[in-house]
Structure formats: C-alpha cells, structure tokens
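[1] Sequence first, predicted coordinates after that:
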Amino acid sequence: MSGPFEERSGVVPCSTPWGCWYQTLEEVFIEVQVPPGTRAKDIQCSLQSRHLALAVRGQEVLKGKLFDCTIADEGTWTLEDRKLIRIVLMKTNRDAGNCWTSLLENEYAADPWVQDQMQRKLTLERFQRENPGFDFSGAEISGNYSKGGPDFSKLEK
C-alpha cells in the first residue's frame, strides 16, 4: 500500500458552478477553475477558521461561512498551471462522523447521492486508519455507515 488513501481510492467530488470540492477525514479540498493566464497577484484569498473569501481579478468567486471549523493557520491556496486555484482546509473535527454536507453554510451542498458516497468514503478511510495492515481503497460498504459507521472500540480484543 503506497500513497494516501484518497490517491488509491479516488475522491468523491461535489460539482459547483466554479469547480468542485471534496473531503477526507482531515481535509477539505476546493478546486476553482479560473481564466487561463491568471496570475497569483490577481487572486485575493482569505482563509479563516469559519470563513472563506476568494476573489479573482476583483470578481468575488466564493464568500461565506464554512460548514464547520477549520484550523486557519494550516489552510493554504495554490495557483496551478495559471488556471486552477486549489484551496486546502484542515478540519478541526477529524472523525468519520464529521462529513461536511456542504462547503458553506446553506451553499454548495452535495446532493443526497454525493453525500452518501462521501460518507461511505470517510467511513472506509476510518477503517483504513484503524486497520493499517489492510487495504480498504477498493472496498464496498453497506449497512450502517452514517456518522462514521459502527463503533468497534468497545469490543473486547
């Protein structure tokens, strides 16, 4: 098993008018398509614990209160190939039960199918962490996986 879980198992993106967002147990990724040739000096990005603001060439792209808390000092943004802004936010609550259902409060919500797929993925990622000798990247899951799936921590070993 090499590479992070999301590289082996893929991501579950939520499409938006400006690009997409997706998540892992620890992070939220935001990918914003911008006009080709965009330069870093054209971008204004503010990352706070519960707020996000992004403008490109003076045009507001994203602004609002995040779905949940993040660690502001660990948030980053990069401009890739002068046409894609990638924002990475570190979640404060990093358990499988913390599946964001939208990027911002009341905005950019994942549809029910995408939410279901996101929750499945986070649950499998949790299983992978709890059982590092196994590879769950291609596994399927059914049954009770909402809120991170069943809690096996109370079982006797």
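    Yep, it's here. Numbers count the residues shown, from 1 in each chain.
[2] Quick check, pLDDT for the residue nearest to the spatial centre of the chain.
    The centre of the chain sits closest to Gln23, judged by Cα atoms, centre = their mean, with a distance of 2.0 Å. For Gln23, the model assigns a pLDDT of 95.
[3] Okay, and the beta partners of it?
    For Gln23, the beta-bridge partners are Val28 (DSSP bridges).
[4] show me what contacts it?
    By Cβ atoms under 8 Å, 6 or more residues apart in numbering, the residues touching Gln23 are Phe29, Lys91, Cys99, Trp100, Met118, Leu122. Any C-beta I mention is one placed from the backbone N, CA and C, and that applies to glycine too.
[5] what's the neighbour count on the second one?
    Other residues lying near Lys91 total 21 when counted by other Cβ atoms under 10 Å.
[6] Just grab the bridge partners of it for me.
    Beta-bridge partners of Lys91, as defined by DSSP bridges: Thr70.
[7] Mind giving me the packing neighbours of the strand or helix carrying Trp77?
    Here Trp77, judged by DSSP states H and E, is contained in strand 76-80. For strand 76-80, the packing partners by 3 or more Cβ pairs under 8 Å, 6 or more residues apart in numbering; DSSP states H and E come out as strand 43-47, strand 84-90.
[8] Pull up the pairing partners for that strand, direction included.
    Assessed with DSSP bridges, strand 76-80 is paired to strand 84-90 (antiparallel).
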